[in-house]
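In: need a structure here:
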Amino acid sequence: MNKKEYQKLKEEAKAEYDAKVKALDMVYEMMHGKPPVNGHGSASGTVAVWPHNVSKRDAVRQAMKSIHGDFTMHQVRDALKAVQPTVEPEISDNALSAILSKLHELEELKQVRVKVGKSPAVYTNTSSKVVTSSSS
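Out: Numbers count the residues shown, from 1 in each chain. Have a look, this model is predicted:
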């Protein structure tokens, strides 16, 4: 294979790839009513930009401050609607669940009850990090 053949094959492969991505974008737009936008861009080369001045995790933290006692993800969603109404629609349930899991991992909240079946996980705010010690 010489350089000219290589360039031709490369261009054909790129054109085929772009056509497939464009077709996927069209299917997504037909199903969801809006074009897909993600960190890798779509066939049109667009890149997702978070338009808000607060991160998703910080928005959830702000929402949790307004909740007293035990709470579920759905109550966090309701608080988020009140505290950050423009951010709330852009945080999917999966993302919200992942954020709550991360905050639990960071010991910013405590899991009171684990999700079982249709029963949601229950959390509570922690005012300070929990320190556990074990005796040997």
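
In: without its sequence neighbours, what residue ends up closest to Glu108?
Out: Thr126 (6.5 Å; C-beta to C-beta, 6 or more residues apart in numbering). Bear in mind the C-beta positions are built from the backbone N, C-alpha and C, glycine included.

In: quick one, what contacts the one you found?
Out: 107-110 (C-beta atoms under 8 Å, 6 or more residues apart in numbering).

In: ok, 10 Å please
Out: When contacts are counted by C-beta atoms under 10 Å, 6 or more residues apart in numbering, Thr126 touches 103-104, 106-110.

In: next one: Lys8
Out: Contacts of Lys8 by C-beta under 10 Å, 6+ apart are 1-2.

In: ranking helices and strands of this structure by mean pLDDT, which lands last?
Out: The least trusted helix or strand in the chain, going by mean pLDDT, DSSP states H and E, turns out to be helix 3-32, with a mean of 86.

In: how about the following helix or strand past that one: buried residues?
Out: Sequence order places helix 56-65 as the next helix or strand after helix 3-32, per DSSP states H and E. Using 16 or more other C-beta atoms under 10 Å as the test for burial, helix 56-65 gives 56-57, 59-61, 63-64.

In: which other residues reach helix 56-65?
Out: 50, 52, 54-55, 71, 73, 75-84, 86-88, 90-92, 95-96, 98-100, 102-103, 106, 108-109, 123-125.

In: redo that, cut-off 6 Å
Out: Residues outside helix 56-65 that contact it (C-beta atoms under 6 Å, 6 or more residues apart in numbering): 76, 79-80, 83-84, 87, 91, 99.

In: most neighbours of all those residues, which one?
Out: Most neighbours among the contacts of helix 56-65, by other C-beta atoms under 10 Å: Val76, with 24 neighbours.

In: so how far is Gln84 from the residue nearest to it when sequence neighbours are not counted?
Out: The shortest distance from Val76 to any non-neighbouring residue, by C-beta to C-beta, 6+ apart, is to Ala63 (5.6 Å). Going from Ala63 to Gln84 by C-beta to C-beta, to the nearest Å gives 7 Å.

In: then Gly33?
Out: Separation of Gly33 from Gln84 (C-beta to C-beta): 23 Å.
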